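> After the sequence you'll find the predicted model.
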Amino acid sequence: MQALILVGGEATRLRPLTCNTPKSMVTVLNTPFLEHVIRYLSGHNIKNIVLAQGHLSKPMEDYFGDGSRFGIKLTYVLESQPMGTAGAVKNAEQYLEPTFMVLNGDIFTDLDLTAMLDFHKARQAQSTIALAPVEDPTAYGLIETSSGGRITRFLEKPSWNQVTTNMINAGTYILSKDILKRVPAGTPFSFERQLFPQLLEAGEPLYAFPSNSYWIDIGTPEKYLKLHRDMMRGEVKGYQVVQGKVVKIGQSCNINPETQIVGPVVIGNNCVINRGVKLFGPLVLGNGTVLGEDSVVDSSIIWANTQLGMKVTLNECLIANDCLLENNTTAEKTVIGDHVTISRNSKLGPGSRIWPPTLTPAAPGKR
Ligand code: GTP
């Protein structure tokens, strides 16, 4: 079986983390998100993978190459302009097998793809759409079905009074290549808003595969952080860890033995943790993180090569690569892009977004 992963979106909601890094390459537990997805696909014996790329394609190619390091075959297809979800698949048509899967590249799930394929074959479906339950369906596409699983209605981003089910389009499809005949070439086109409703209207065999699987899209800072929390608390299959324990410490770290650590915490390679530091999980420190004396880091994700000065306090922050947060900085619910310097004594309140490259003016006080 072959899978096409949509990885060409601009990821505006996850900025400034995604100013230089495509959404599929943001790290999750210090590993690019797409690597987690590729390992999941490989686990279902899906090893022929097409990446439909647009915005920021090079970091993926540099990391994955032809895929052989991961035991898969990778084909890259680049769009000259954003083609939308169905348009991106049409653009890759020449590389696709008669039946293939499509996955949104920002979704993490443990959906049973093997069972979904069996379901698709048993019904001789032309298209099968995976469904996942969510608490608040109003931000997603709702799908109503008959008792046999045939799709009867699509409802994009319904208001609460239109909500009839909590099962949403999970962004995972099994498709017959024939349906691409209905997608115009060279123009943006959407599965959710155009192709699927048109297929339904035409009476084509369109099925929905319900599941109770874990499902999250990492499209916003809150949900990116939530995926980490869920994984580190053992709520995601394959990522079982014990609450309260340090999960993992990388190689060549220099950690002061008196550091107070309340897990789960993941620490990358070559990290330096100085005297008096307190760490409260769920927390991830990327490779080469340096924490100055008496810093306190709580429930945050820090990517590679970021340095905190003395007495820096972080709570629920996301910090990209190569940043410097000088002494006495405090930040809460803040997202910081690459190569940012935050001057001493800064106070960053909830919702702050600091774009790269930013050098904040020095605040008064001692360094
Ligand atoms: P936002 O700007 O934050 O909405 O993010 P996004 O651009 O990623 O859009 P969205 O979350 O709706 O995209 C869902 C998935 O489809 C992501 O994996 C995107 O990378 C992918 N995607 C969205 N639009 C395109 C497109 O035009 N081309 C390709 N190849 N992929 C796309």
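Everything's here; your move. Keep in mind it's a predicted model, so treat the numbers as computed, not measured. Numbers count the residues shown, from 1 in each chain.
> Quick one: the helices in the chain, in order.
With helices called from DSSP state H, the chain shows them at 33-43, 58-64, 84-91, 113-122, 196-201, 221-232.
> Which residues does stretch 256-270 contact?
29-30, 232-233, 241-253, 255, 273-289, 304 (Cβ atoms under 8 Å, 6 or more residues apart in numbering). For the C-beta atoms, the positions are set from N, CA and C on the backbone; glycine is no exception.
> Can I get the buried part of those residues as one ChimeraX selection?
Of the contacts of stretch 256-270, the buried ones go into a single ChimeraX selection, burial set by 16 or more other Cβ atoms under 10 Å:
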select :29,30,232,233,241,246,247,248,249,250,253,255,273,274,276,277,279,280,281,282,283,284,285,286,287,288,289,304
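> from the contacts of stretch 256-270, which ones fall inside strands?
Mapping the contacts of stretch 256-270 onto strands (DSSP state E) picks out 248-249, 255, 273, 278-280, 283-285.
> Quickly name whichever of those is closest to the ligand.
For the ones in strands among the contacts of stretch 256-270, the residue nearest the ligand by Cβ to the nearest ligand atom is residue 284; the value is 21.7 Å.
> What's the per-residue pLDDT of that closest one here?
Note on residue 284: pLDDT of 96.
> Same check on residue 109?
94.
> Write out the residues of this protein neighbouring the ligand.
By the rule Cβ under 6 Å from any ligand atom, the part of the chain lying against the ligand is 6-13, 23, 52-54, 79, 82-85, 88, 104-106, 219.
> so residue 141 makes contact with residue 192?
Yes. If you go by Cβ atoms under 8 Å, residue 141 and residue 192 touch, sitting 5.0 Å apart.
> still on that earlier bit, drop anything exposed from the residues of the chain next to the ligand.
Buried members of those, counted by 16+ other Cβ under 10 Å: 6-9, 11, 13, 23, 52-54, 79, 83-85, 88, 104-106, 219.
> Among those, which lie within strands?
With strands taken from DSSP E, the overlap with these comprises 6, 52-53, 104.
> Of all pairs in those residues, which one is the farthest apart?
Spatially, the most separated pair among those is 53 and 104, at 13.8 Å (Cβ to Cβ).
> Could you measure from residue 181 over to residue 198?
Residue 181 sits 12 Å away from residue 198, going by Cβ to Cβ, to the nearest Å.
> More neighbours: which of those two?
residue 198 (14 against 8; other Cβ atoms under 10 Å).
> For the more buried one, list the residues it contacts.
residue 182.
> run the last query once more with 10 Å
86, 179, 182-183, 204 (Cβ atoms under 10 Å, 6 or more residues apart in numbering).
> Residue 330 too?
Listed by Cβ under 10 Å, 6+ apart, the contact partners of residue 330 are 296, 311-315, 317, 345-349.
> so where's this structure uncertain?
For the chain, the stretches flagged by pLDDT under 70 are 240-247, 358-367.
> Now do the buried residues in stretch 100-120.
Quick answer for stretch 100-120 (16+ other Cβ under 10 Å): 100-109, 111, 113, 116-117, 119-120.
> Dump that stretch to PDB, restricted to CA.
Output in PDB follows, covering the C-alpha atoms of stretch 100-120 (Å, rounded to 0.1, in the frame of the first residue of the first chain):
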ATOM      1  CA  PHE A 100      -3.700   4.700  -2.100                       C
ATOM      2  CA  MET A 101      -4.000   6.500   1.300                       C
ATOM      3  CA  VAL A 102      -3.900  10.200   1.900                       C
ATOM      4  CA  LEU A 103      -2.900  11.700   5.300                       C
ATOM      5  CA  ASN A 104      -3.000  15.200   6.500                       C
ATOM      6  CA  GLY A 105       0.600  15.800   7.500                       C
ATOM      7  CA  ASP A 106      -0.200  17.500  10.800                       C
ATOM      8  CA  ILE A 107      -2.200  14.700  12.400                       C
ATOM      9  CA  PHE A 108      -1.100  12.200  15.000                       C
ATOM     10  CA  THR A 109      -3.200   9.100  15.500                       C
ATOM     11  CA  ASP A 110      -3.000   5.500  16.300                       C
ATOM     12  CA  LEU A 111      -5.900   4.700  14.000                       C
ATOM     13  CA  ASP A 112      -5.700   1.000  12.800                       C
ATOM     14  CA  LEU A 113      -4.900   1.600   9.100                       C
ATOM     15  CA  THR A 114      -4.800  -2.200   8.400                       C
ATOM     16  CA  ALA A 115      -8.400  -2.500   9.700                       C
ATOM     17  CA  MET A 116      -9.400   0.500   7.700                       C
ATOM     18  CA  LEU A 117      -8.000  -1.000   4.500                       C
ATOM     19  CA  ASP A 118      -9.900  -4.300   5.200                       C
ATOM     20  CA  PHE A 119     -13.100  -2.200   5.700                       C
ATOM     21  CA  HIS A 120     -12.500  -0.400   2.400                       C
END
